[in-house]
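[1] My questions are about this predicted structure, shown below with the sequence.
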Amino acid sequence: MPADRPRAFSGIQPTAGSFHLGNYLGAIRQYVALQETHDAFYSVVDLHAMTIPQDPAVLRANTRLATAQLLAAGLDPERCTLFVQSHVPEHAQLGWLMNCLTGFGEASRMTQFKDKSARQGAERTSVGLFTYPVLQVADILLYHARHVPVGEDQRQHIELTRDLAERFNARYGDTFTVPDVHIVKETGKIYDLQDPAVKMSKSASTPKGIVNLLDEPGVSAKKIRSAVTDTETVIRFDPERKPGVSNLLTVYATLTGRTVADLEAAYEGKGYGALKTDLAQVVADWAAPFRERAREYLDDPETLDGILAKGAEKARTVAAETLAAAYDRVGLLPAKH
Ligand code: ATP
Ligand code: LTN
């Protein structure tokens, strides 16, 4: 990988068996695109997944499953560095320094934490969930990432990353690259099929509201056909007044490469039923080879683990250097070997 390419970094949690359309269109698709133009690092962030209770065997299986899906979606280990977060201990180590740089009030303002902890209740919410955005900051800063491809829900965490990088640099001297958020406007927020006012989410959506990438085509088709729309009949992109239909048009356009205007013209005079049936087919056509490729990787855990081992080795080279510089800057006494 040419060294003059800007760095990109993103992480994705192995918290559910299957990724959903929001993950793919909002984030993973951008990972695939950026590996062509950037020196890209992508991590299956298993330490982040632990912020909510995980069954150990399921977490282990889901970590491989997440990796297989990223590869199936088009990540190429020759073009990017793909690794598991816990294989690179520097993430937790820099995370501690960042915890000590973050204000309690500042962390308390993270809206994703507020939403999730409100849903679970304070007693069942771990301190790990509270400091989760700070670990994310460490993930990004370790690689001097310039661009961080994510969905809209992550914007505040990237802003925190910028703030902490600037704070560290101001206090201890220039050490970290201040990253830019990379959110694609059209697909940064894909909505729940049953409630087009909220994002499609692994943890918050009802099963009917999510299209899982690994689901059988029949299951996804049924969900798409019962997507909530509105009482009109005209197929028009208008997120304010017609959020359900607009969401379907976004998914349709992105998966096919057609423009929304082209779709509006093609469906003029047709009903929502036709749009939904066709979209179900578009999703099925996209998902079939994806599922097949994911299955192939899962059937060959040695290859999968080999890819992750190589990725971790490459990631560690970069991460260790950054961590050493940060330790030095803050005044930790180096160990003598
Ligand atoms: P949860 O809602 O339980 O936090 P999630 O479904 O958001 O989980 P994550 O693993 O947190 O999944 O997200 C992985 C990536 O997918 C992130 O970059 C996130 O911004 C993006 N993403 C998640 N949901 C959507 C969505 N509905 N639309 C666009 N991007 C999304
Ligand atoms: N918090 C993110 C996952 C994540 C991430 C990162 C994203 C962890 N570390 C670093 C971008 C960069 C999420 O919940 N989707």
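    Received the coordinates, thanks. What you see is a predicted model; the values in this text were computed from it and never measured. Ligands and ions are numbered 1, 2, ... in the order given.
[2] For stretch 61-80, list every residue counted as buried.
    62-73, 75, 77, 79-80 (16 or more other C-beta atoms under 10 Å). The C-beta positions use only the backbone N, C-alpha and C, and glycine is treated the same way.
[3] Pull the most distant pair out of those residues.
    Pairwise distances across those peak at 24.3 Å for Asn62 and Arg79 (criterion: C-beta to C-beta).
[4] near ligand 2, which residues of the stretch 101-250 of the chain?
    With C-beta under 6 Å from any ligand atom as the criterion, the stretch 101-250 of the chain meets ligand 2 at residues Gln136, Asp139, Ile140, Val148, Val150, Gln154, His157.
[5] Helices of the stretch 201-337 of the chain, start to end?
    Counting by DSSP state H, counting those that start in this stretch, residue ranges of the helices within the stretch 201-337 of the chain are 217-225, 243-256, 260-266, 272-298, 301-330.
[6] can you pull the buried residues of the fourth one?
    Neighbour counts over helix 272-298 (16+ other C-beta under 10 Å) mark 272, 275-276, 278-280, 282-284, 286-287, 290-291, 293-294, 297-298 as buried.
[7] Over to the shortest one?
    Buried residues in helix 260-266, counting neighbours by 16+ other C-beta under 10 Å, are found at Val260, Leu263, Glu264.
[8] Likewise for the first one?
    Neighbour counts over helix 217-225 (16+ other C-beta under 10 Å) mark Ser220, Ala221, Lys223, Ile224 as buried.
[9] now the buried residues of helix 260-266 as TSV including pLDDT and distance to Phe168?
    Formatted as TSV, the buried residues of helix 260-266 follow (pLDDT from 0 to 100; distance: C-beta to C-beta, whole Å):
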residue	pLDDT	distance to Phe168
Val260	97	42
Leu263	97	46
Glu264	97	48
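[10] now, among the residues you listed, which is nearest to ligand 1?
    Proximity of those to ligand 1 (C-beta to the nearest ligand atom) peaks at Val260, which lies at 16.8 Å.
[11] since we're on the residue in the chain positioned nearest to ligand 1, how many residues are nearby?
    The minimum distance from the chain to ligand 1, using C-beta to the nearest ligand atom, falls at Gly26 (2.0 Å). Gly26: 25 surrounding residues under other C-beta atoms under 10 Å.
[12] Neighbours of the residue nearest to it when sequence neighbours are not counted, how many?
    What sits nearest to Gly26 in space, not counting adjacent residues and going by C-beta to C-beta, 6 or more residues apart in numbering, is Gly151, at 3.3 Å. Neighbour count of Gly151, defined by other C-beta under 10 Å: 21.
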